[in-house]
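*Asks:* What would the 3D arrangement of this be:
(one chain, ligands or ions: 2)
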Amino acid sequence: MSSIIQLLPDHVANQIAAGEVVQRPASVVKELLENAVDARATDIKLIVKDAGKTLIQVIDNGVGMNVTDARLCFERHATSKIRHAEDLFALHTKGFRGEALASIAAIAHVEMKTKQDQDELGTHIVVEGSKFASQDVAVLPKGTSFSVKNLFFNIPARRNFLKSDTVEFRHIVDEFERVALAHPNIGFVLYHNGSEMFNLPMGNMRQRIVGIFGSRTNEKLVPVKESTEIVAIEGFVTKPEFAKKSRGEQFFFVNNRFIKSGYLHHAVMAAYEGLLKDGCQPGYYIYLDVPPHTIDINIHPTKTEIKFDDEHALYAILRSSIKHSLGQFNVAPVLDFERDANLDTPYDYQKREAVVPNVEVDRNFNPFADEAIKGTATASRPAGSSGGFGNTHFKRERQPAWESLYIGTNPASEEIADINFESEEVTGSLFNDNEVEDTDYKTYQIHRKYLVSPIKSGLLVIDQKRAHQRILYEQFLRNITVQHGASQQLLFPLVLHYNKTELDLIREMKEALQNTGFVFAEINDDHIVVNGLPVNVPESEVSILLEELISDLQQEVPGSSFSQSDRIAKSMARSLAVKTGTALSGKEQENMVNALFACKEPDVSPFNKPTFITVSVEDLDKRFAI
Ligand code: ADP
Ligand code: MG
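*Replies:* Ligands and ions are numbered 1, 2, ... in the order given. The predicted model follows:
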């Protein structure tokens with residue numbers, strides 16, 4: 001019998017390998033940018049059209065290639081970066097596998113122009129689906145330019161699998177930011193569809209961070225620096241007061257390579273222990289330098305995960321150096337209560353109000369007390385809605401040294417997190433109803449969580465938070481899709497700052513948000529100006545509402561089938577719904593029950609959780625029959 005095993009032709013092998021290397025346009029961006037960095041460029045331009053689906057071009061002023069290398073670089077396992085297996089343990093370059101260009105050329109139309117400094121003329125090569133289409137001599141500047149057109153032209157399934165331009169471009173910006181952050185000493189420019197999105201001149205780390213994330217970032221940064229034998233740490237973390245609900249800007253770089261590490265993330269979070277509000281995340285930009293032989297970057301094909309020799313030591317060093325920085329810049333609450341905070345406060349912080357620990361504990365909280373208490377330091381209510389639930393403003397009566405209760409305990413422990421239930425504030429009266437008199441309604445609120453009401457067949461128990469989410473969700477969805485929501489004009493326009501990616505998302509959502517009642521006076525390069533709000537959105541909630549909305553959209557599972565309106569309505573309903581722990585007046589309880597059962601789908605929350613249950617008289621009878 002004849003043999004049946006054959007070696008695959010190169011172009012087929014390349015196409016298969018391409019599947020690993022190139023998942024989407026952003027993967028091409030990453031490979032080309034890294035090659036330009038490896039070529040010691042000092043200026044790198046990235047030009048993108050239609051989120052990379054039409055064109056991705058990277059132009060660098062690096063070392064370039066001679067004719068032979070220009071031809072060879074498209075071969076699989078063709079690399080100038082390693083020669084021996086041992087070199088893998090002393091890597092100073094981004095690339096080393098020699099498969100990126102072969103892979104990209106297998107699934108796109110690639111045009112390369114390259115020239116070395118000492119050469120008079122350069123090389124111009126066109127490759128289409130692994131086939132060399134042309135090769136010429138050309139007059140070129142020093143450096144290399146790669147144009148990648150018609151990505152996945154020969155794999156329609158992959159092409160169809162690509163997401164919307166907005167999503168794909170967001171991935172490109174992510175990769176661009178990572179490479180640009182890793183190399184502040186290189187100038188980067190990014191153009192998309194002819195407009196300049198980023199222009200980052202070479203500079204230091206802080207300038208690079210501010211260049212990418214906006215000038216408002218500067219005041220948020222606390223420097224971190226530590227040098228030990230096994231690692232040198234440099235970078236910035238954000239002050240706890242600027243922590244966000246979204247994970248947002250969190251970056252680790254190891255030897256100038258962006259990496260992901262849940263373990264190191266944990267170390268950072270541990271350094272912030274007790275300083276962050278529930279569910280909030282700091283931003284960080286941490287650069288670690290370790291001896292190349294102590295890491296293995298080879299364990300993941302797209303190389304964002306690496307393995308360290310001594311992870312535990314790294315964890316401890318990272319955690320303590322961040323803790324130290326937070327303490328030194330006095331952004332941490334004084335953990336040592338004996339110390340006079342004024343004595344060691346840096347000059348420019350002297351006049352500032354001391355930052356109070358963000359762990360919100362109401363020592364007087366009594367779950368059995370009658371009056372409404374809500375645990376928030378920033379509660380403010382929209383004018384005209386003084387009625388409604390939660391009439392009593394929560395006063396932060398700071399008992400002297402209450403903190404001492406917790407000395408030696410872990411402030412992030414369950415116990416305190418529990419007392420701190422719901423730091424979110426109430427968002428205005430549910431139904432714009434100013435009446436508060438508690439007449440004889442047949443609903444009872446228990447544990448500030450459930451509404452209980454007798455019904456014909458027995459007992460109805462409603463989860464107040466989920467019910468309100470359902471009510472608001474349908475209301476927002478109606479406003480977005482059918483009719484325009486009413487708007488309240490703001491006396492003083494609100495100015496809110498965002499980075500470019502976030503602003504793109506806001507632009508994308510602009511129309512839907514306007515339908516809910518938002519009025520945008522401006523959507524600018526680094527901020528927006530809001531002139532009007534939906535009637536049921538209090539001013540104090542706007543920034544958190546938009547932040548959560550952005551974060552929801554950013555974390556959204558790609559390809560989820562829900563419409564944008566649906567996602568916005570869901571996110572806003574979640575942000576604004578009355579929380580567990582909020583006392584509701586009798587009238588509000590009644591309104592909630594009525595509004596819930598007026599909904600199209602009263603029995604589930606927008607997140608598919610039951611909003612109420614019923615207990616039949618028979619069930620009750622059974623339980624008593626024992
Ligand atoms: P790797 O980066 O893993 O070596 P690539 O397929 O990305 O593999 O690139 C192959 C080779 O082509 C590189 O090793 C390098 O010698 C050369 N090369 C690629 N891009 C550039 C560039 N922008 N400037 C100079 N040389 C380049
Ligand atoms: Mg490479």
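*Asks:* ok, R40 to T93 distance?
*Replies:* 10 Å (CB to CB, to the nearest Å). C-beta coordinates here come from the backbone N, C-alpha and C atoms, glycine included.
*Asks:* mind listing what's buried in stretch 12-31?
*Replies:* For stretch 12-31, the neighbour count (16 or more other CB atoms under 10 Å) marks 13-15, 17-18, 21-22, 24-31 as buried.
*Asks:* With stretch 270-277 instead?
*Replies:* Buried residues in stretch 270-277, counted by 16+ other CB under 10 Å: A270, A271, Y272, G274, L275, L276, K277.
*Asks:* give me the residue from this structure nearest ligand 1.
*Replies:* Of all residues in the chain, the one sitting closest to ligand 1 is G95 (2.1 Å; CB to the nearest ligand atom).
*Asks:* Can you pull the phi/psi pair for that residue?
*Replies:* When read as degrees, to the nearest 10, the backbone of G95 gives phi -90, psi 160.
*Asks:* wait, it sits on A78?
*Replies:* No. With contacts counted by CB atoms under 8 Å, G95 stays clear of A78, the gap being 10.9 Å.
*Asks:* out of those two, which sits in the more crowded spot?
*Replies:* G95 (19 against 14; other CB atoms under 10 Å).
*Asks:* OK, contacts around the more buried one?
*Replies:* E31, E34, N35, D38, T79, K81 (CB atoms under 8 Å, 6 or more residues apart in numbering).
*Asks:* pretty sure the first one belongs to a strand, no?
*Replies:* No. Residue state for E31 (DSSP: H, G, I helix; E, B strand; the rest coil) corresponds to helix; a strand is not indicated.
*Asks:* State the pLDDT value of the spatially most central residue of the chain.
*Replies:* Compute the mean C-alpha point of the chain, and by CA atoms, centre = their mean the closest residue is G248, 3.0 Å away. With respect to pLDDT, G248 scores 76.
*Asks:* if I look at it, how far off is S551?
*Replies:* Per CB to CB, G248 is found 7 Å from S551.
*Asks:* got it, and D136?
*Replies:* Separation of D136 from S551 (CB to CB): 50 Å.
*Asks:* what's the spacing between H183 and L288?
*Replies:* Here the criterion is CB to CB. By it, H183 lies 15 Å from L288.
*Asks:* try Q464
*Replies:* 46 Å.
*Asks:* and those two? which has more neighbours close in?
*Replies:* Legend: neighbour count by other CB under 10 Å for Q464 and L288, higher for Q464 (28 against 25).
*Asks:* quick one, what contacts that one?
*Replies:* Contact analysis of Q464 by CB under 8 Å, 6+ apart lists Q445, R448, K449, Y450, L451, V578, T580, T582, L584, M592.
*Asks:* Now intersect those with the helices, please.
*Replies:* M592 (DSSP state H).
*Asks:* where exactly do the strands run in the stretch 51-200 of the chain?
*Replies:* 55-60, 109-115, 122-128, 131-138, 143-149, 187-192, 195-200 (DSSP state E, counting those that start in this stretch).
*Asks:* Adding distance to ligand 1, mean pLDDT and mean neighbour count as columns, could you present those in CSV?
*Replies:* Converted to CSV, the strands of the stretch 51-200 of the chain look like this (distance: least, CB to the nearest ligand atom, whole Å; pLDDT from 0 to 100; neighbours: other CB atoms under 10 Å):
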stretch, distance to ligand 1, mean pLDDT, mean neighbour count
strand 55-60, 5, 97, 22
strand 109-115, 6, 97, 22
strand 122-128, 11, 96, 21
strand 131-138, 15, 95, 12
strand 143-149, 4, 97, 22
strand 187-192, 14, 96, 20
strand 195-200, 18, 93, 14
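*Asks:* circling back: which one of R40 and T93 has more residues nearby?
*Replies:* Between R40 and T93, counted using other CB under 10 Å, the more crowded position is T93 (18 against 12).
*Asks:* Got phi/psi on the more buried one?
*Replies:* Per-residue torsions, T93: phi -120, psi 160 (degrees, to the nearest 10).
*Asks:* Quick check: it touching K81?
*Replies:* Yes. Contact criterion CB under 8 Å: T93 and K81 qualify, at 4.5 Å.
*Asks:* which residues do those two both contact?
*Replies:* D38.
*Asks:* Tell me the residue of this protein that sits nearest ligand 2?
*Replies:* G95 (2.7 Å; CB to the ion).
*Asks:* pLDDT value on that residue, please?
*Replies:* pLDDT, G95: 73.
*Asks:* which residues touch N218?
*Replies:* R206, V210.
*Asks:* typed the wrong thing, it's A180
*Replies:* I186, F188, F198, L200, R208, I212.
*Asks:* Roughly how far does F89 sit from I295?
*Replies:* The value you get for F89 to I295, if CB to CB is used, is 9 Å.
*Asks:* For these two, indicate the residue with more neighbours.
*Replies:* I295 (20 against 16).
*Asks:* before we move on, what SS does the closest residue in space to Y315 that isn't next to it in sequence have?
*Replies:* Nearest residue to Y315 in three dimensions, chain neighbours excluded: A267, at 4.5 Å (CB to CB, 6 or more residues apart in numbering). State at A267, reduced to three classes by three-state DSSP: helix.
*Asks:* From what I see, A267 and A313 are in contact.
*Replies:* No. Judged on CB under 8 Å, A267 makes no contact with A313 at a distance of 10.9 Å.
*Asks:* need the residues of the stretch 201-350 of the chain near ligand 2, please.
*Replies:* When proximity is defined by CB under 5 Å from the ion, the stretch 201-350 of the chain lies next to ligand 2 nowhere.
*Asks:* quick one: the helices in the stretch 201-350 of the chain?
*Replies:* 205-213, 262-271, 311-328 (DSSP state H, counting those that start in this stretch).
*Asks:* low-scoring stretches of the stretch 451-600 of the chain, by residue?
*Replies:* Counting by pLDDT under 70, the low-confidence segments of the stretch 451-600 of the chain come to 483, 556-562.
*Asks:* Which stretches in it count as helices?
*Replies:* Counting by DSSP H, counting those that start in this stretch, the stretch 451-600 of the chain has helices at residues 464-481, 500-516, 542-555, 564-576, 586-597.
*Asks:* Take those and write them to TSV, including distance to ligand 2.
*Replies:* Shown next, in TSV, are the helices of the stretch 451-600 of the chain (distance: least, CB to the ion, whole Å):
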stretch	distance to ligand 2
helix 464-481	45
helix 500-516	25
helix 542-555	28
helix 564-576	36
helix 586-597	57
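*Asks:* Let's have the ones you listed in a markdown table, adding distance to R319.
*Replies:* Formatted as a markdown table, the helices of the stretch 451-600 of the chain follow (distance: least, CB to CB, whole Å):
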| stretch | distance to R319 |
| --- | --- |
| helix 464-481 | 35 |
| helix 500-516 | 29 |
| helix 542-555 | 25 |
| helix 564-576 | 32 |
| helix 586-597 | 45 |
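*Asks:* out of those helices, nearest to F329?
*Replies:* Closest to F329 of those is helix 542-555 (CB to CB; 23.9 Å).
*Asks:* before we move on, back to that, between the buried residues of stretch 270-277, which is closest to S616?
*Replies:* S616 has its nearest neighbour among the buried residues of stretch 270-277 in K277, at 41.6 Å by CB to CB.
*Asks:* and the gap between the closest one and F242?
*Replies:* Computed as CB to CB, the K277 to F242 distance reads 11 Å.
*Asks:* By neighbour count, which of the contacts of G95 wins?
*Replies:* E31 (25 neighbours).
*Asks:* how about that residue, what does it touch?
*Replies:* Counting by CB under 8 Å, 6+ apart, E31 has contacts V21, V22, G95, A100, L101, I104.
*Asks:* let's see it at 7 Å
*Replies:* E31 is in contact with V21, A100, I104, counting by CB atoms under 7 Å, 6 or more residues apart in numbering.
*Asks:* Fine, thanks again, bye for now.
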